[in-house]
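Asker: What would the 3D arrangement of this be:
(one chain, ligands or ions: 1)
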Amino acid sequence: MTAPLFRLQGICFAYEPGRPVLRDAGFRLDAGERVALVGPNGAGKTTLFHIMVGLLHPSAGVVEAFGTVRRAEKDFREVRARAGILFQDSDDQLFCPTVLEDVAFGPLNLGKSPAEAAGIAKATLESLGLGGFGSRITHKLSGGQKRLVALATVLAMQPDVLLLDEPTNALDAETEERLTGILAALPQAMVIIAHDERFLARLSTRSVRLDGGYLTEATARLS
Ligand SMILES: Nc1ncnc2c1ncn2[C@@H]1O[C@H](COP(=O)(O)OP(=O)(O)OP(=O)(O)O)[C@@H](O)[C@H]1O
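Answerer: A predicted model of the protein is given here:
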């Protein structure tokens, strides 16, 4: 049987002593899945994403990614190259003057030559219908355009897993529809944090609920 893309077991985490955010959380993601991660505000959903890619480290428990148990910072470098987070706030993701530079940044960081990185960035932008956007000034884009460019920066790394943190938050109906269509057509496994039940019903293959520090399979209700 193939190893899961992610397997988390017994994960405990607190930002402050005595105030646990995650208590014995377990989670598994397999290829082809699009898992909705739901739960109340402040339940720890973003925290769980950060633990999956090693931006935060649990006080107990095991993070296995791509078939290997990950502990040290160096173990997580490969994880971050293969699992891309789309941040809740696109401004946290976009920091270069132009769109092309932002989208080429990841491939460059992975060791591609400037010409290769620019080629990947252009192809990624085109695949998202943003062909003419390369020379646009990133900070002048609309919120919806920024979200699509932020997705391009993640996809340009050619990840195996997408971790999407409220991807449709603050989008107008048209951009939400466009983004939903794009995500539904992508081959990557995904974990999607969202509160919009209609959006999740269209996209997700199953859902898990984080509440009170525990993660459980959610079947009936999505949020
Ligand atoms: N850097 C931090 N330091 C201290 N507490 C934090 C920090 N980041 C988050 N928290 C707290 O940890 C808890 C979990 O936060 P987290 O952002 O993971 O929840 P969430 O489920 O993603 O929430 P939301 O749906 O509102 O985005 C919250 O109570 C939050 O206030």
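Asker: I'd like to know which residues of the chain are adjacent to the ligand.
Answerer: Within the chain, the positions near the ligand by C-beta under 6 Å from any ligand atom are 15, 21, 39, 41-47. (C-beta placed from N, C-alpha, C; glycine too.)
Asker: now, which of those sits nearest Arg28?
Answerer: Nearest to Arg28 out of those is Lys45 (C-beta to C-beta; 16.4 Å).
Asker: correct me, but the closest one touches Gly39?
Answerer: Yes. Taking contacts as C-beta atoms under 8 Å, Lys45 lies within contact range of Gly39: 5.8 Å.
Asker: Show me whatever sits in contact with both of these two.
Answerer: Leu210 (C-beta atoms under 8 Å, 6 or more residues apart in numbering).
Asker: Let's verify the residue nearest to the spatial centre of the chain: helix, strand, or coil?
Answerer: The centroid of the chain falls nearest to Leu163 when counting by C-alpha atoms, centre = their mean (1.9 Å). Secondary structure assignment for Leu163 (DSSP: H, G, I helix; E, B strand; the rest coil): strand.
Asker: Widest-spaced pair of the residues of the chain next to the ligand?
Answerer: Farthest apart among those by C-beta to C-beta are Tyr15 and Gly39. That separation is 16.8 Å.
Asker: So for those two, which sits in the more crowded spot?
Answerer: Legend: neighbour count by other C-beta atoms under 10 Å for Tyr15 and Gly39, higher for Gly39 (22 against 10).
Asker: Now do the same contact list for that one.
Answerer: By C-beta under 8 Å, 6+ apart, Gly39 lies in contact with 45, 209-211, 223.
Asker: Can you tell me the closest non-neighbouring residue to it?
Answerer: Nearest non-adjacent residue to Gly39, counting by C-beta to C-beta, 6 or more residues apart in numbering: Leu210, 3.8 Å away.
Asker: Neighbours of the one you found, how many?
Answerer: Per other C-beta under 10 Å, the neighbour tally for Leu210 reads 23.
Asker: ok, now which ones touch it?
Answerer: Leu210 touches 22, 25, 37-39, 43-45, 48, counting by C-beta under 8 Å, 6+ apart.
Asker: so it bridges to which residues?
Answerer: Applying DSSP bridges to Leu210 gives these bridge partners: Leu215.
Asker: From Pro187, how far out is it?
Answerer: 26 Å (C-beta to C-beta, to the nearest Å).
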